[in-house]
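A.B. asks: one predicted model, sequence on top.
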Amino acid sequence: MRRAIHLLIFFLWAGRLPAQISGPEHPTQEEQLELLTEKQDREPEDDSYWQDLESLRKHPLNLNRATEEDLMSTGLLTGLQVSTFFGYRTLLGDLISIYELQAVPAWDLETIRKLLPYVKLGESSLPLDNFDNRWRRGESGILIRASEVLEKSKGYSEPTDSAASHYLGSAQHLTFRYDYRYRQLLQFGWIGDKDAGEQFFRGAQKFGFDFYSFHLFSRQSGLIRTLTLGDFTVNLGQGLIQWQSLAFSKGGQVLSIKRQAPTIRPYNSPGEFNFHRGIGLTLARKKWSATLFLSVKKISANLKSDTLSRDDEFSSLESSGYHRTKREIEDKNNVGQTAEGLNIQYSAQAFHVGLNAIHFTFSKPFQKQDRPYNLFSIKGRSWTNSSIDYSYTYRNLHWFGEAAVDQNGHLAFVNGALVSLGAHADAAMLHRYINKEYQALYADAFTENSSPTNENGFYMGLSLRPTDGLQAELYMDIYKFPWLKYRIDGAGRGHEYFIQLIYKPNKDWTFYSRYKSERKSGNLDAGTNSMHEVQSVPRQDWRTDFQYNMSKVMKIRSRIELLWYAHGSSYQEEGFLGLIDLHYQSVTRPIGGNLRVQWVETSGYASRIYAFENDLLYSYSLPAFYDKTLSYYINLHFRIDKLFIKTNKKTRELGLWLRWGQSYYPDKKAIGSGLDEIKGNLKSTFKFQLVSGW
């Protein structure tokens, strides 16, 4: 760690550069994505949220016409803030100035500042709209993306044994997307995606891409509030029975504990797993609405033979979307899945209640591996969940929750509250009780587990703003697992404490520092024993981040992070990460980019550190860094149409994004494992993207 301390001093010094203009927003969304990836141990693949934000940036939301669903979709407001906004607008009428938002209860300046790029004020009445306008006056866009790791991994080498596994396709990852949008009223498009190692227009992929997706989504057509055909996601209640959109958990936004998103959203992302395919319809009249959906699709699963029934079963779902080897291709779309669902809502100004139900049918029986922690898992050819969700706002208190039951009668509850304690403080509380036998298929509630099952816990958070420019975020979470879990051979428990200080004395620079301490039950390695001793394992993490504006075109950011895993034990590990970012955006020409240099040094995989990396438009990377790694990347983007075409007329937009990155592992002779193993200690990645809009 001595080298880490020296680098710590360097990164702190690098932040002491003069600042002259307003800095970037505090990267709370980056931090939430890092924590979500750490929790699920995989990167989120649904980029619909970022597409929607970019669309709102071009066509801001009219606050005088916005619905509750519109504001929830931004992901920038808490449930209390959404409720108090509509209470304010109902009481006082249309907003006449954007500065009026400061008078809305529970709204603070930081929230308003983050929301401003995506909202505007206008007349509350709807503009003239007809069927023809929706189909002819919208905006179209095409995205073409390609990426490749330049060093050849083991999987691309011709095997000496014909039966050996290897990648059948090329090393390029290719994506094509077409999208049409008319305001927030009509959207349709399709996407094709080929992962690295998959075939393209040959072999198992004779029709080109390995994955195709289509969607058509319409809003506000009289009695029909929404109509969707093709691929879509479904979000019900607080996620106890179904939640497929991006949803954060614990992190620097301690008040973001409530799941909130439209019931049905169009799906237009390259992820091949967590979505439905079919038809969805929402009918609305006054305070009532009803949503029905039907999905029929093929899913990829691991099959195994049942010698007693002579019928194939599947033991797990394949969520990676990879179909590169002969075995992976055999598992592709080998199980049929039908899903039917219903949501009925009653929504008044301060009160909401919803009834939810979803039923799945599989073409083959679902039977997980015979392990003690799988004793209560989903079994058979069908599964049903139902729930009631509710919320109520009274003055400065917003209460919400969901009560759910599975087809075997096992219960799950989530109840929370958001409270405004005054102009300088807000609080959040959430209790969850989820029976050890409760099961749901595509659920994602506010839990410590990656899925809502086998957990009881209580969360409490505080957001304090004692003075202008200073903010403190604190939370504690105490939980227990009544039954066994993967890698926990017994009942477990844990607790987590978090504190984050954000200091922004002026518009020129931002500083934040956070400390997280958790202690969670885990198996103690006991050699060859089939059962392991369960003990409490501590983990601490400290991060400090600086952001500065050096000039009108240049911004700088630096970060250091230290991690301690199982400190004081015989298998303790330590980790260090330090990085510097430079961001450039010309104010006179349509060109910009950013550069990052980063050093990571950890004792092993248990002390890995996740770091958000800027990438191409609508894309990002969240790798886990461990061992010794020196890495850098460069992102560049241009508006080709404005760079080379000098005209005042409206022309077709054409943007080019380029990314080059390398990672150097000084202590390794090979990188990765299995078919992804690369000989040597250098890994290089190149990415290319064209985006055209008209």
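C.D. replies: Good, I have the coordinates.
A.B. asks: OK, contacts around the spatially closest residue to residue 454 that is not a sequence neighbour?
C.D. replies: Once flanking residues are discounted, residue 454 sits nearest to residue 436: 4.4 Å by Cβ to Cβ, 6 or more residues apart in numbering. Glycine gets a C-beta too; all of them are placed from N, C-alpha and C. Counting by Cβ atoms under 8 Å, 6 or more residues apart in numbering, residue 436 touches 376, 453-454, 481-483.
A.B. asks: quick one: average confidence on the host helix or strand of residue 465?
C.D. replies: Residue 465 belongs to strand 455-467 when assigned by DSSP states H and E. For strand 455-467, mean pLDDT is 95.
A.B. asks: buried among the contacts of residue 436? Make that a PyMOL selection.
C.D. replies: Only the buried members of those end up in this PyMOL selection, burial being decided by 16 or more other Cβ atoms under 10 Å:
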select buried, resi 376+453+454+481+483
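A.B. asks: let me know the closest of the contacts of residue 436 to residue 391.
C.D. replies: residue 453 (23.7 Å; Cβ to Cβ).
A.B. asks: which SS state does that closest one fall under?
C.D. replies: Three-state assignment for residue 453 (DSSP: H, G, I helix; E, B strand; the rest coil): coil.
A.B. asks: give me the low-pLDDT residue ranges for the stretch 451-600 of the chain?
C.D. replies: Within the stretch 451-600 of the chain, the segments meeting pLDDT under 70 span 525-531.
A.B. asks: for it, just list every one of the strands.
C.D. replies: Counting by DSSP state E, counting those that start in this stretch, the stretch 451-600 of the chain has strands at residues 455-467, 470-481, 492-506, 509-524, 533-549, 554-565, 573-585, 591-602.
A.B. asks: format those strands as TSV; extra columns: distance to residue 618.
C.D. replies: Output for the strands of the stretch 451-600 of the chain, formatted as TSV (distance: least, Cβ to Cβ, whole Å):
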stretch	distance to residue 618
strand 455-467	30
strand 470-481	28
strand 492-506	27
strand 509-524	25
strand 533-549	23
strand 554-565	21
strand 573-585	18
strand 591-602	16
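A.B. asks: looks like residue 562 contacts residue 576 (just checking).
C.D. replies: Yes. Assessed by Cβ atoms under 8 Å, residue 562 is found in contact with residue 576 at 5.8 Å.
A.B. asks: may I have the residues that are in contact with residue 48?
C.D. replies: Taking Cβ under 8 Å, 6+ apart, we find residue 48 in contact with 233, 245-246, 265-269.
A.B. asks: show me where this protein has helices.
C.D. replies: Listed in chain order, the helices of the chain (DSSP state H) span 2-14, 28-40, 48-58, 68-73, 79-92, 109-115, 131-136, 326-330, 640-644.
A.B. asks: among the ones you listed, which comes closest to residue 388?
C.D. replies: helix 79-92 (17.0 Å).
A.B. asks: hmm, who's touching that closest one?
C.D. replies: So helix 79-92 is contacted by 63-64, 68, 71-72, 77, 95, 103-107, 111, 255, 258, 260, 349-350, 391, 393, 396-398, 400, 418-420, 426 (Cβ under 8 Å, 6+ apart).
A.B. asks: before we move on, what about stretch 629-648?
C.D. replies: 589-601, 613-617, 625, 651-666, 685.
A.B. asks: go again with 7 Å.
C.D. replies: Stretch 629-648 is contacted from outside by 589-600, 613-615, 651-665, using Cβ atoms under 7 Å, 6 or more residues apart in numbering.
A.B. asks: same question for that stretch: list its buried residues.
C.D. replies: Buried residues in stretch 629-648 (16+ other Cβ under 10 Å): 629, 631-633, 635, 637-639, 641-642.
A.B. asks: can I get the residues you listed in a markdown table with pLDDT and distance to residue 165?
C.D. replies: Output for the buried residues of stretch 629-648, formatted as a markdown table (pLDDT from 0 to 100; distance: Cβ to Cβ, whole Å):
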| residue | pLDDT | distance to residue 165 |
| --- | --- | --- |
| 629 | 95 | 28 |
| 631 | 96 | 29 |
| 632 | 97 | 33 |
| 633 | 97 | 31 |
| 635 | 96 | 34 |
| 637 | 93 | 38 |
| 638 | 89 | 41 |
| 639 | 87 | 44 |
| 641 | 77 | 46 |
| 642 | 75 | 48 |
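A.B. asks: relative to residue 171, which of these is nearest.
C.D. replies: Lowest distance from residue 171 to those (Cβ to Cβ) belongs to residue 633, with 18.7 Å.
A.B. asks: what's opposite the closest one in the beta bridge?
C.D. replies: Taking DSSP bridges as the rule, residue 633 bridges to residue 596, residue 661.
A.B. asks: do residue 187 as well
C.D. replies: With DSSP bridges as the rule, residue 187 is bridged to residue 181, residue 217.
A.B. asks: tell me the contacts of it?
C.D. replies: Each residue near residue 187 by Cβ under 7 Å, 6+ apart is listed here: 180-181, 217, 266.
A.B. asks: where does the stretch 101-250 of the chain have low pLDDT?
C.D. replies: 124-129.
A.B. asks: for residue 66, which non-adjacent residue is spatially closest?
C.D. replies: residue 119 (7.7 Å).
A.B. asks: again, but for residue 545
C.D. replies: Residue 545 sits nearest to residue 559 (Cβ to Cβ, 6+ apart), 4.5 Å away.
A.B. asks: of the contacts of helix 79-92, buried ones?
C.D. replies: Buried among these by 16+ other Cβ under 10 Å: 63-64, 68, 71-72, 77, 95, 104, 106-107, 111, 255, 258, 260, 350, 391, 393, 398, 400, 418-420, 426.
A.B. asks: quick one on the thing from earlier: among the contacts of helix 79-92, which lie within strands?
C.D. replies: 391, 393, 397-398, 400, 418-420, 426 (DSSP state E).
A.B. asks: now distance to residue 153 and pLDDT too, for those residues, in TSV please.
C.D. replies: Output for these, formatted as TSV (distance: Cβ to Cβ, whole Å; pLDDT from 0 to 100):
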residue	distance to residue 153	pLDDT
391	50	95
393	54	92
397	55	94
398	51	94
400	47	97
418	48	95
419	52	95
420	53	92
426	49	93
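A.B. asks: farthest pair in the residues you listed?
C.D. replies: Spatial extent of those (Cβ to Cβ) is set by the pair 391 and 426 at 16.7 Å.
A.B. asks: the contacts of residue 187 into TSV, with extra columns for neighbour count?
C.D. replies: Shown next, in TSV, are the contacts of residue 187 (neighbours: other Cβ atoms under 10 Å):
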residue	neighbour count
180	15
181	21
217	24
266	26
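A.B. asks: what's the closest of these to residue 123?
C.D. replies: For the contacts of residue 187, the nearest to residue 123 is residue 181 (21.7 Å; Cβ to Cβ).
A.B. asks: distance check, that closest one against residue 193.
C.D. replies: Look at residue 181 and residue 193: by Cβ to Cβ, to the nearest Å, they are 20 Å apart.
A.B. asks: swap in residue 362?
C.D. replies: 25 Å.
A.B. asks: cool, residue 386 as well?
C.D. replies: When residue 386 is compared with residue 193 (using Cβ to Cβ), they lie 34 Å apart.
A.B. asks: repeat that for residue 187.
C.D. replies: According to Cβ to Cβ, residue 187 and residue 193 sit 19 Å apart.
A.B. asks: fine by me, thanks again.
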